[in-house]
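Participant: How does the following fold in three dimensions:
(one chain, ligands or ions: 1)
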Amino acid sequence: MTTLLDGKSLAASLERESSARVAALKSRNGGTTPILATILVGDDPSSATYVKMKGNACRRVGMASHAIRLSASSTTDDVLAEINRLNADPLVQGILLQHPVPAHVDERACFDRISVSKDVDGVTSCGFGLMALGERAFGSATPAGIMQLLRHYGIDVSGMRAVIVGRSPILGKPMALMLSNANATVTLCHSKTLNLADEIRRAHIVVGAVGEPNFIRGEWISDGAVVVDAGYHVGGVGDVDPDGLLGRCAALTPVPGGVGPMTISTLISQTVTAAERALVQIGKQVEKLPTGRTTYRVEQDHIP
Ligand code: NAP
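Facilitator: Take a look at the predicted model:
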């Protein structure tokens, strides 16, 4: 029997949790609403849709979304200036720079300008390094959401042979490190991997993060494996061809309704965590103030 890893219903329950946490935050914080700032550079319609979905999710949990749109002709410096402004704004707890940015913009420089404490999408080099070392940091939202989904269904990856197909900085690579930190034995495959089918055949857990519809063939996957499909393509197709897998693999993420909804709910939940930490930080600084002083400075560059 195959367990369907229902990301849609887990994401809905995570959102309910986030709503309760946001309500508690507002009541402790004089009604101030936590804000996720999103930056969209250019007018790619898919990116615009993703940003809109993230804004809608903020509103569903009672948070505000501050959507910044920069023209396609914006330079790296324009984007950096916007990020500097958001880093310095104590009312903004999370910053999301929608990926990909236009080719002439230095995406890595822009990601790395985001304060680690506000890096709720887990895109900075510093956040990545901390996560890799098992230190406190917000993980990249998609792999962090996948880890939550596996935990929720009681799938203990410890000792499992995990094969990830795809090594992008936002998905495959952080996925490999998160699985390794959870004691899986990890193989990270990519476009130069030899005998990919053989690698996949040995896996107890397969993560499809290639970006090619139905690229991973069902027959490459062993009986009893756990299959996580992070891909999403037009027509609701993933990176793994599900033909013949149902009933044969132990668990499978449906497309749609598996990994996708977990990404957004993880981003939201990480933003709520950032807001909770900022409030604690403010509390600590207010405690230290001499009586009578009413201003405080929010430390933005502390590690989350
Ligand atoms: P990406 O940046 O394009 O990376 C694709 C990776 O796949 C690269 O590492 C590439 O290898 C590897 N690859 C390409 N062709 C291959 C081949 N023939 N054999 C083995 N590996 C191959 O993609 P991404 O941003 O990580 O996205 C991957 C998929 O996840 C896409 O379908 C995307 O839509 C989906 N996604 C979903 C979410 C979500 O929220 N659900 C979020 C992010 C991404 P090289 O490194 O050697 O080039």
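
Participant: what helices or strands is the longest helix along the chain leaning on?
Facilitator: The residue-count maximum for a helix in the chain (DSSP state H) belongs to helix 259-288. Where contact means 3 or more C-beta pairs under 8 Å, 6 or more residues apart in numbering; DSSP states H and E, helix 259-288 is packed against helix 7-28, strand 35-41, helix 45-60, strand 92-97, helix 141-152. C-beta here means a position set from N, CA and C on the backbone, and glycine is covered the same way.

Participant: so of these, which one's packed in deepest?
Facilitator: strand 92-97 (a mean of 27; mean count of other C-beta atoms under 10 Å).

Participant: Note down every partner strand of that one and its orientation.
Facilitator: Strands that pair with strand 92-97, judged by DSSP bridges, come out as strand 35-41 (parallel).

Participant: Outside of the partner strand itself, list whatever touches it.
Facilitator: Residues outside strand 35-41 that contact it (C-beta atoms under 8 Å, 6 or more residues apart in numbering): 47-48, 51, 54-55, 58, 63-72, 74, 79, 82-83, 86, 89, 91-98, 101-102, 105, 120, 267-268, 271.

Participant: Burial check on R136, number of neighbours?
Facilitator: 12 (other C-beta atoms under 10 Å).

Participant: C126 is in contact with that one, correct?
Facilitator: No: here R136 does not reach C126: they are 11.9 Å apart, not a contact under C-beta atoms under 8 Å.

Participant: still on that earlier bit, which one of the helices and strands packed on helix 259-288 lies closest to the ligand?
Facilitator: helix 141-152 (4.1 Å; C-beta to the nearest ligand atom).

Participant: Now do that closest one against helix 259-288, angle only.
Facilitator: 100 degrees (axes from the mean of the first three to the mean of the last three C-alpha atoms, to 10 degrees).

Participant: Let me know whether S18 touches V61 as I believe.
Facilitator: Yes: shown here, S18 and V61 form a contact pair, counting by C-beta under 8 Å, at 4.3 Å.

Participant: Mind listing what's buried along stretch 188-199?
Facilitator: L188, C189, L196, E199 (16 or more other C-beta atoms under 10 Å).

Participant: Kindly report the same for stretch 242-262.
Facilitator: 242, 245, 248-255, 257-262.

Participant: Tell me which two of the residues you listed sit farthest apart.
Facilitator: Greatest spacing in the buried residues of stretch 242-262, by C-beta to C-beta: R248 and P261 (24.8 Å).

Participant: Residues of the stretch 151-300 of the chain that sit close to the ligand?
Facilitator: 165-168, 170-172, 189-193, 196, 209-212, 230-232, 239, 259-260, 263 (C-beta under 6 Å from any ligand atom).

Participant: S140 is in contact with M147, correct?
Facilitator: No: judged on C-beta under 8 Å, M147 makes no contact with S140 at a distance of 10.4 Å.

Participant: that older thread, as CSV, the helices and strands packed on helix 259-288 with mean pLDDT and distance to F111 would be great.
Facilitator: Shown next, in CSV, are the helices and strands packed on helix 259-288 (pLDDT from 0 to 100; distance: least, C-beta to C-beta, whole Å):
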stretch, mean pLDDT, distance to F111
helix 7-28, 97, 24
strand 35-41, 98, 11
helix 45-60, 96, 15
strand 92-97, 98, 6
helix 141-152, 98, 13
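
Participant: gap between G172 and A132?
Facilitator: To A132, G172 is 13 Å away according to C-beta to C-beta, to the nearest Å.

Participant: who has more neighbours, those two?
Facilitator: When neighbours are counted by other C-beta under 10 Å, G172 comes out ahead of the other of G172 and A132, with 24 against 17.

Participant: Torsion angles phi and psi at the more buried one?
Facilitator: Dihedral pair for G172: phi -60, psi -50, per degrees, to the nearest 10.

Participant: Give the helix, strand or coil label for F128.
Facilitator: Classification of F128 by DSSP: H, G, I helix; E, B strand; the rest coil places it in helix.

Participant: and it, how many neighbours?
Facilitator: Burial of F128 is recorded as 22 neighbouring residues (other C-beta under 10 Å).

Participant: repeat for A103
Facilitator: 8.

Participant: do the same with the one 5 residues further on
Facilitator: Taking other C-beta under 10 Å as the neighbour definition, R108 ends up with a count of 13.

Participant: can you pull the contacts of the nearest residue to it once chain neighbours are set aside?
Facilitator: Spatial nearest neighbour of R108, chain neighbours left out: S125 (7.5 Å); criterion: C-beta to C-beta, 6 or more residues apart in numbering. Shown in contact with S125 (C-beta under 8 Å, 6+ apart): R108, F111, D112.
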